[in-house]
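Asker: I'd like to go over a predicted model; first the sequence, then the structure.
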There are 2 protein chains.
Amino acid sequence: MSTTEHTSSFHMTPGEFRQFGKEMVDWIADYYENIEQFPVLSQVQPGEIRAGLPDSPPQNGEPFDQVLQDIENLILPGITHWQSPNFFAFFPANTSGPSILAELLSAGLGVQGMMWITSPACTELETHMLDWLAEMLDLPEKFRSSSTGGGVIQDTASSATLSALLAARERSTNYSSNDIGVENNLIVYASTQTHSSIEKAVKIAGLGKKNLRLIEVDEQFAMRPGLLKAQIQADRQAGLVPCFVCATVGTTSSNALDPVREIGEICAQEGIWLHVDAAMSGTAALAPEYRLIQDGLELADSYCFNPHKWMFTNFDCDCFYVSDRASLIKTFSVLPEYLRNKATESGAVIDYRDWHIQLGRRFRSLKLWFVIRHYGVEGLRFHVRKHVNLAQQFASWVAADPDFELAVSPPLNLVCFRHIGGDEVNRQLLEAVNQSGKLYLTHTSLDDRFTLRLCVGQTNTEEEHVRQAWELLRSTATNISQT
Amino acid sequence: MSTTEHTSSFHMTPGEFRQFGKEMVDWIADYYENIEQFPVLSQVQPGEIRAGLPDSPPQNGEPFDQVLQDIENLILPGITHWQSPNFFAFFPANTSGPSILAELLSAGLGVQGMMWITSPACTELETHMLDWLAEMLDLPEKFRSSSTGGGVIQDTASSATLSALLAARERSTNYSSNDIGVENNLIVYASTQTHSSIEKAVKIAGLGKKNLRLIEVDEQFAMRPGLLKAQIQADRQAGLVPCFVCATVGTTSSNALDPVREIGEICAQEGIWLHVDAAMSGTAALAPEYRLIQDGLELADSYCFNPHKWMFTNFDCDCFYVSDRASLIKTFSVLPEYLRNKATESGAVIDYRDWHIQLGRRFRSLKLWFVIRHYGVEGLRFHVRKHVNLAQQFASWVAADPDFELAVSPPLNLVCFRHIGGDEVNRQLLEAVNQSGKLYLTHTSLDDRFTLRLCVGQTNTEEEHVRQAWELLRSTATNISQT
């Protein structure tokens, strides 16, 4: 490091970047090698991390070595380790070496992909990767860029669901052309188990929670199509306009699979937009034997799944497909003079800024390119199968233990289960295992009962981790029962 | 690399990660050292990048060295080099060594910051950095977390503007509590020069473009407060409900500064939510002599600026502040059972998922932490001043040249100018300089005239680059005039 060079420009020099960059790479590699030594769930109290930070920003730059040290001292205690093989909470947000390096490259290139012209590779690699994934998952032809539809990377399934709802609203009302506000008569349908993002989307789109119909579910917590159909008919009779149905393939709560084909047939008859949210579970379709989760998907108008959950691609990376890209573009397109350019006006290119809420966008498809090329389709399939098998193995232990029970038969990699001692025992059990630092689980409520969830999907989770989790749960439950 | 290890798990081993990670760091350092050798604006044709990629994904994993080579061969020709010191188009999206390394760390840690409990450090460092920035920019006290408001990192100013509009809609209608859809009588105001994201936000929120009032501007392209007031009164008389005003500090088109104080006083009298969008120009307030751009900001309900534009922090990182965080949280909060936890219920923590559209979120405050600590306040100020001075120098050359004219007096780092030969000459000039590969400029329309824009803000832009740009523009214009 040349002090003169530094103080004259304040910039990190290329030499410093090489040095600190390599130190950071080693730091991350060390982190993954030691990750099981940290408590999975951070054990700090509210305010503890802030208390370690200076009240005011530094007037003058500090040595970068000091910053690197402070990661260890000030940040790490406040990390809940999503990349630990003992993380079984919520959904996975798994990552991998190739994905981390792609994120580094994306940051290094620092391009804005808002339009084709602002970096053609950013747009074209994205289109290509979304088509690759359509092939890998055997998605319906209409979702490919060579057909009437296509795919785009969104940040999250929440944004994808909102985008789908807005496109459905557009199709129902011809809203953009009419320039008018939304009418209060558009009705949205989802199951009682649908992710909270649907309620958020309905609120954002101005439809009002009153116009959201939550359809009851069967004993597997999947939407009951008969009730959906009856509700749609009742709404039509009341003079309302059924607009949008969100079916979920793998609910957050219990991994329930809504019957997409039956729901799709109703939507097709009724002319209602069908969105299928497969945020985590969509990845399972990499393996042909799990493709039953996509049965009827050719009836959907839009679809999303998140490689940032279960495909070793770090957040954010939600893949959102539509069967009719024109309706999506009509929903979002605004073209001010300062964004006009020949490529856009030629119509020969895609400008992804018209496919979502944001204008600016990062070069996220590099992550998919690196991950797919590194693992190959076979490598990815191997891990999906392994995670499902580990979850099924855990479920078999639960089922065989007289003190525990399955809350529902697990279709894939998420197991919902309980100790038979009732809600309070399960609450204590959850608290105790999480406080141990040895693993992190979360809960849900099924049939009004407090239910534990164990989701297998972290990159480095092996049989030993699942086995240790089970042993810890059993021994902790024994202790609780004895006190 | 151990082949056995690789084929048995398909994962990149820690050893491989160290090796390829360091190669990637060197690749990025080399890229910045050689960046001026590439044409700034990518010269590929539509479809050219895709044509270089295999139609189908690989069934088996490929060696990572091959992937690294393909960046050079297949991707780089399709890059428009936003990080080139000769990039003067749109707005900057500047980055820096510390920011790139923070993004690497964020990807490595791979945490989800949706709630405090899911990584306390992700939430607390963010709150702390937003408070640091409030101090650095001398923002009104009410935007700090210790007051009634607070800040949050959003992806883009588009999302921040939408969030502000939704909170305003909530305040006007008590929408969430009423569960009803939005009424068609809420009116939104912005100037004719406001960014296109306001129209997009109005559409998304279901208010309808018909309810967006674009107020005329003065000769500096700033909103005329008298016309705003008259329009509000007319709307009230027509039985409509004025709801939201967006003032811009530094418009995209010409860097015009709306008079925030006068607009704010009107909004205060009328009880209308005022959002101030300072996406690029907000960074200027690091230097006390430019803080006039914030005059009256204490009258605003919300504010945003983008460190990912002009503060060496790579995309995405928009800082969004509200003076009343309760109204924002009420807009977005939905709490399903599977997200419930003790920390949230204690009320002692912030859950940022309730501050924006998405549920999932990355650990983006690491970028601000690294950048602020590396540069110090003085280092950041140095660069803001340098960029403004370079733009002013360019403007002085334009003003002194009889063949060119300034379209407007540049307040900060964006110069709008024209050749005096008329629209067609300026169009040809823009096309020619961009095709040369030596720089990248974009255009706008001011007073219905085709106008060139030169924005100084890339991290490594020095006087020589601005001088070369001016010389290329002059010599190219001479050639065009002679043919």
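Answerer: Alright, I've got the coordinates.
Asker: give me the phi and psi angles of the residue nearest to the spatial centre of chain A.
Answerer: Per Cα atoms, centre = their mean, the C-alpha nearest to the average position across chain A is that of A:N306, at 4.4 Å. In terms of degrees, to the nearest 10, the main-chain angles of A:N306 are phi -110, psi 100.
Asker: and if you look at A:G271?
Answerer: A:G271 adopts backbone torsions of phi 70, psi 40, taken as degrees, to the nearest 10.
Asker: okay, now it: neighbour count?
Answerer: Neighbour count for A:G271, taken as other Cβ atoms under 10 Å in any protein chain shown: 10. Heads up, the C-betas are built off the backbone N, CA and C, glycines and all.
Asker: and the residue of the stretch 351-483 of chain A found nearest chain B, helix, strand or coil?
Answerer: With Cβ to the nearest Cβ as the measure, A:G379 is the residue of the stretch 351-483 of chain A nearest to chain B, at 3.4 Å. Applying DSSP: H, G, I helix; E, B strand; the rest coil to A:G379 yields a three-state assignment of helix.
Asker: what's the closest non-adjacent residue to it?
Answerer: Among residues not flanking A:G379 along the chain, B:F10 sits closest, at 3.4 Å (Cβ to Cβ, 6 or more residues apart in numbering or on different chains).
Asker: that neighbour touches B:N60, doesn't it?
Answerer: No - the criterion here is Cβ atoms under 8 Å, and B:F10 misses it with B:N60 at 9.5 Å.
Asker: please identify which of those two sits among more neighbours.
Answerer: With neighbours defined as other Cβ under 10 Å, B:F10 and B:N60 compare such that B:F10 has more, 21 against 11.
Asker: low-confidence stretches in chain A?
Answerer: Along chain A, the model assigns pLDDT under 70 to residues A:1-8, A:175-183, A:483.
Asker: all strands of it, in order?
Answerer: Applying DSSP state E to chain A gives strands spanning A:150-154, A:186-191, A:212-215, A:241-248, A:273-277, A:302-305, A:318-322, A:404-406, A:414-419, A:442-446, A:449-455.
Asker: A:S56: what's it in contact with?
Answerer: By Cβ atoms under 8 Å, 6 or more residues apart in numbering or on different chains, the contact list for A:S56 reads B:W132, B:E135.
Asker: quick check: it vs A:P410, distance?
Answerer: Per Cβ to Cβ, to the nearest Å, A:S56 is found 51 Å from A:P410.
Asker: same deal with A:Y440?
Answerer: 19 Å.
Asker: where does the stretch 201-350 of chain A get nearest to chain B, which residue?
Answerer: A:G206 (2.6 Å).
Asker: domains of chain A?
Answerer: In terms of domains, chain A is parsed into A:1-35, A:111-362, A:370-482 (source: automatic domain parsing).
Asker: so of the ones you listed, which one's packed in deepest?
Answerer: Mean neighbour counts were compared across the domains of chain A using mean count of other Cβ atoms under 10 Å in any protein chain shown; the top stretch is domain A:111-362, at a mean of 22.
Asker: now do stretch A:434-454: distance from first to last residue.
Answerer: End-to-end distance for stretch A:434-454, by Cα to Cα, to the nearest Å: 12 Å.
Asker: that stretch vs chain B: in contact?
Answerer: Yes - using Cβ under 8 Å from any Cβ of the partner chain, stretch A:434-454 reaches chain B at A:T442, A:H443, A:T444, A:S445, A:R453.
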